[in-house]
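[1] Structure for the following, please:
(one chain, ligands or ions: 1)
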Amino acid sequence: MSYKLIGYQAPFNFRLTKIRIAAALAGVKVENVHTDAITDTDSFKRNVSPSGATPALQTENGYLFESAAILRFFGRLSKEGIYGNTDFEASQIDAWVDYASTTVDVAVLPFLRASFGQLTITKEHQEEATYSFDTIDKWLEIRTFLVGERLTIADVAVFVGIDSYLRSAETASEVSKFKNLNRWYLTVLHNAKVQEGMIASGHDGLIPAKKEAPKAEAPKKEEKKKEEKPKKEEKHDDEEPEETFEEKKKPNPLDSLPPSKFVLDAFKREYSNNDTRKVAAPYFFENFDNEGFSAWWCNYKYNEENKMQFMTANLVRGWFQRMDHCRKYAFGIALIVGEDKKHDITALWVFRGKGLPEIVTDVDDTELFTWTEIPDVKAEAAKITDYLAWDGETFKDKPVLEGRTFK
Ligand SMILES: N[C@@H](CCC(=O)N[C@@H](CS)C(=O)NCC(=O)O)C(=O)O
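    Numbering: from 1, shown residues only. This next block holds a predicted model:
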């Protein structure tokens, strides 16, 4: 039997990811159906999901809605004990699945919405999230998994919420201090079936990129006067580095390049603190070192698939997050240009060294873009300046809707 999973597939849709992981654990095949157009119809609300919300699942016996119910459905189908081995264990699992829906997801959702610019995180949001992490951390002090001795759908339900927080919250590094939660998260993440489900849901399945402390990103041009000094990340003396979410660093050939007269950090400071057209752009053209650096035009290959602007912005945000380890060697501007439901992603990047560095080609997103090296930056000064300034002749036909700076 193949099931049809109805919902919008996107890496940040943790409800869909939850179901995909359960399906992988249960060994059932699930086909994804995108349903932007049909969920708001009377027929969908009468027969599939009363509020029109997704995910929903089409089965041979009819439809199911509520992601937790679908999770349980696959749990029951599994012969692998992912819904416990006794009735009592199954009830313990129910308790955690409910806790995930009523407490963890509720605490984490504001952070996902904030990452789309839909709300601003308050002290109360942060306290609620921290509280829920603390409760799980204490439970895991003497346990490997939430229930029993093996991975169950209880772990899946809680995992996707924590994962969503780690990828969307500016304060994600906060989770590292909950050592048991941290250890459990990595155990679940590294499970082969969990990986299979995550990848099937469009998620990269990687350890989340380490977040920088909160700072003003993508400031409006007029606000681009002063760069806020990045706040130091909270350090905890008892932290063991190998237990954090940070990816291990490998030696980088860019570190052994001969010194360059173009100091990327100095340019970033000029760009953050001064008028772009009058100061930062001229600084760039005067100092750019064509031997020690390369500059690139970069365009998204699948612009025709862009739909809602906030989703495209989220795609760019995710891309920049996954580029985080390149910060010392890269500067970039990504712009969403065009109109609301018909827009493109276009970017300008500057990298240390010649050719696309390995640390950049290692990022999965890199192959979603076409890359064209700019042989002589001065020859393309007008266009480069427009990108730096997020306006100008270049965007006459497709105005800049929003942008993000990688610096
Ligand atoms: N409790 C529900 C929540 C479903 C939900 O809010 N889904 C979102 C997308 S992930 C949605 O469909 N929102 C639009 C709507 O509610 O019409 C579940 O876990 O399935």
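[2] Doesn't Ile333 belong to a helix?
    No: assessed with DSSP: H, G, I helix; E, B strand; the rest coil, Ile333 is strand; it does not lie in a helix.
[3] That one against Thr346, yeah?
    No: using Cβ atoms under 8 Å, Ile333 is not in contact with Thr346, being 9.1 Å away. The C-beta positions use only the backbone N, C-alpha and C, and glycine is treated the same way.
[4] Just give me the neighbour total for the residue nearest to Pro253 when sequence neighbours are not counted.
    Counting by Cβ to Cβ, 6 or more residues apart in numbering, Glu358 is the residue found nearest to Pro253 once chain neighbours are left out, at 7.2 Å. Residues near Glu358, counting by other Cβ atoms under 10 Å, number 12.
[5] if I look at Glu358, how far off is Asn252?
    8 Å (Cβ to Cβ, to the nearest Å).
[6] One more: Pro259?
    15 Å.
[7] Give me the more crowded residue out of those two.
    Asn252 (17 against 8).
[8] which residues touch that one?
    Tyr329, Pro357, Glu358, Ile359 (Cβ atoms under 8 Å, 6 or more residues apart in numbering).
[9] okay, it: pLDDT?
    Note on Asn252: pLDDT of 85.
[10] Skip the chain neighbours and tell me the closest residue to the residue nearest the centre of the chain.
    Centrality entry for the chain: nearest residue to the mean C-alpha point is Gly318, 3.9 Å, by Cα atoms, centre = their mean. Once flanking residues are discounted, Gly318 sits nearest to Pro11: 6.5 Å by Cβ to Cβ, 6+ apart.
[11] ranges for the strands of the stretch 151-300 of the chain?
    Ranges of strands within the stretch 151-300 of the chain are 293-300, based on DSSP state E, counting those that start in this stretch.
[12] quick one: the helices in it?
    153-168, 179-190, 192-200, 264-273, 281-287 (DSSP state H, counting those that start in this stretch).
[13] among these, which is the most enclosed?
    Compared across the helices of the stretch 151-300 of the chain, helix 153-168 shows the largest average neighbour count, a mean of 27 (mean count of other Cβ atoms under 10 Å).
[14] who does it touch, helix- and strand-wise?
    helix 14-26, helix 67-77, helix 87-99, helix 105-115, helix 123-139, helix 179-190 (3 or more Cβ pairs under 8 Å, 6 or more residues apart in numbering; DSSP states H and E).
[15] just the angle between it and helix 14-26, please?
    140 degrees (axes from the mean of the first three to the mean of the last three Cα atoms, to 10 degrees).
[16] tell me the contacts of whichever residue of the stretch 151-300 of the chain sits closest to the ligand?
    Relative to the ligand, the nearest point of the stretch 151-300 of the chain is Ala157 (9.9 Å; Cβ to the nearest ligand atom). If you count contacts by Cβ under 8 Å, 6+ apart, Ala157 has them with Lys18, Ala68, Leu71, Trp96, Val97, Ala100, Ser101, Val104.
[17] Out of those, which end up buried?
    By neighbour count, with 16 or more other Cβ atoms under 10 Å, the contacts of Ala157 hold Lys18, Ala68, Leu71, Trp96, Val97, Ala100, Ser101, Val104 as buried.
[18] could I get those residues as a markdown table with pLDDT and distance to Phe369?
    Formatted as a markdown table, those follow (pLDDT from 0 to 100; distance: Cβ to Cβ, whole Å):
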| residue | pLDDT | distance to Phe369 |
| --- | --- | --- |
| Lys18 | 97 | 30 |
| Ala68 | 98 | 37 |
| Leu71 | 98 | 35 |
| Trp96 | 98 | 40 |
| Val97 | 98 | 39 |
| Ala100 | 98 | 36 |
| Ser101 | 97 | 37 |
| Val104 | 98 | 35 |
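[19] and those as TSV, adding distance to the ligand?
    Compiled in TSV, these are given as follows (distance: Cβ to the nearest ligand atom, whole Å):
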residue	distance to the ligand
Lys18	8
Ala68	6
Leu71	9
Trp96	15
Val97	11
Ala100	10
Ser101	6
Val104	12
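[20] which among those residues gets closest to Asn290?
    Nearest to Asn290 out of the buried ones among the contacts of Ala157 is Lys18 (Cβ to Cβ; 49.0 Å).
[21] Is Gly197 in contact with Ala26, as I believe?
    No: using Cβ under 8 Å, Gly197 makes no contact with Ala26, being 9.9 Å away.
[22] so can I have CSV of the helices of the stretch 151-300 of the chain showing mean pLDDT and distance to Thr135?
    Shown next, in CSV, are the helices of the stretch 151-300 of the chain (pLDDT from 0 to 100; distance: least, Cβ to Cβ, whole Å):
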stretch, mean pLDDT, distance to Thr135
helix 153-168, 97, 10
helix 179-190, 94, 10
helix 192-200, 94, 22
helix 264-273, 93, 40
helix 281-287, 97, 50
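[23] Let me have the ones you listed in a markdown table, adding distance to Lys341 as columns.
    As requested, these are exported to a markdown table (distance: least, Cβ to Cβ, whole Å):
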| stretch | distance to Lys341 |
| --- | --- |
| helix 153-168 | 23 |
| helix 179-190 | 34 |
| helix 192-200 | 27 |
| helix 264-273 | 31 |
| helix 281-287 | 32 |
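[24] and this protein, which residues reach the ligand?
    Asn13, Arg15, Ser51, Gly52, Ala53, Thr54, Pro55, Glu66, Ser67, Ala68 (Cβ under 6 Å from any ligand atom).
[25] farthest pair in these?
    Most distant of the residues of the chain next to the ligand, by Cβ to Cβ, are Gly52 and Ala68, 17.8 Å apart.
[26] For the helix-or-strand element of the chain with minimal mean pLDDT, what is the distance to the chain centroid?
    In the chain, no helix or strand scores lower on mean pLDDT, DSSP states H and E than helix 309-322, which sits at a mean of 83. How far helix 309-322 lies from its chain's middle: 7 Å, per Cα atoms, centre = their mean, to the nearest Å.
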